[in-house]
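*Asks:* turn this into a structure:
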Amino acid sequence: MPEDAHEVYRRYLSAVVLHGQASAAAVGLGATDLYAINVLQLSGPMTSGLLAAHTGLTTGATTRLIDRLERAGHVRRVPDPADRRKVVIEHVSRPIGVDEAVDPARRKVGEILAGYSPDEVATLFDYFRRAARAYQEATEELRTRTTEDDG
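*Replies:* Residues are numbered from 1 along each chain as shown. All right, here's what the predicted structure looks like:
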């Protein structure tokens, strides 16, 4: 592995986070709000507690997040079809302008990917899938460790 591999990877991750923040700002949302919409789009309806776990927010902050997103028409609270005593949060609409906000990055990354062979692209997407799981598992480890340290 090249000497500067960690630095390169850290710069990459920083650029992704910064782009997420800039995209959210471009459509008039906070980064966590846009992230929560993405979570709901990818994972489907979920309880506010599960959304809190996915976003890393407290339950109180998650309630305020849901209130903001509901007022803006991006999510709605509906009875849980499996247990009508519960409420789930479901995605309703994408923020206006989000596609336009992320299009430059999509285009630029698409140009990069076009320079790779189909096998190389397959390898990259295999990495993305596996790295996403690794980050999710590492997040759970950190949360568990933090909870144990607090207890």
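
*Asks:* and A52, how far from A82?
*Replies:* Using CB to CB, to the nearest Å, we find A52 at a distance of 19 Å from A82. Where you see a C-beta, it was placed from the backbone N, CA and C, and this is true even at glycine.

*Asks:* any chance you could map the helices in this structure?
*Replies:* Ranges of helices in the chain, per DSSP state H, are 5-26, 31-43, 48-55, 59-71, 98-114, 118-150.

*Asks:* of all these, which one is nearest V88?
*Replies:* Taking CB to CB, helix 48-55 is the member of those nearest to V88, at 8.3 Å.

*Asks:* now do that closest one against helix 31-43, angle only.
*Replies:* 110 degrees (axes from the mean of the first three to the mean of the last three CA atoms, to 10 degrees).

*Asks:* which strands or helices does helix 48-55 pack on?
*Replies:* Other helices and strands packing on helix 48-55, by 3 or more CB pairs under 8 Å, 6 or more residues apart in numbering; DSSP states H and E, are helix 31-43, helix 59-71, strand 83-91.

*Asks:* out of these, deepest packed?
*Replies:* helix 31-43 (a mean of 18; mean count of other CB atoms under 10 Å).

*Asks:* just the angle between that one and strand 83-91, please?
*Replies:* Using the same axes, to 10 degrees: helix 31-43 against strand 83-91 is 110 degrees.

*Asks:* pLDDT averaged over helix 31-43 - what is it?
*Replies:* For helix 31-43, mean pLDDT is 95.

*Asks:* who's more crowded, A52 and A82?
*Replies:* Counting neighbours by other CB atoms under 10 Å for A52 and for A82 shows that A52 has the greater number, 20 against 7.

*Asks:* do you know which of the helices and strands packed on helix 48-55 lies nearest D126?
*Replies:* Among the helices and strands packed on helix 48-55, the nearest to D126 by CB to CB is helix 31-43 (18.5 Å).
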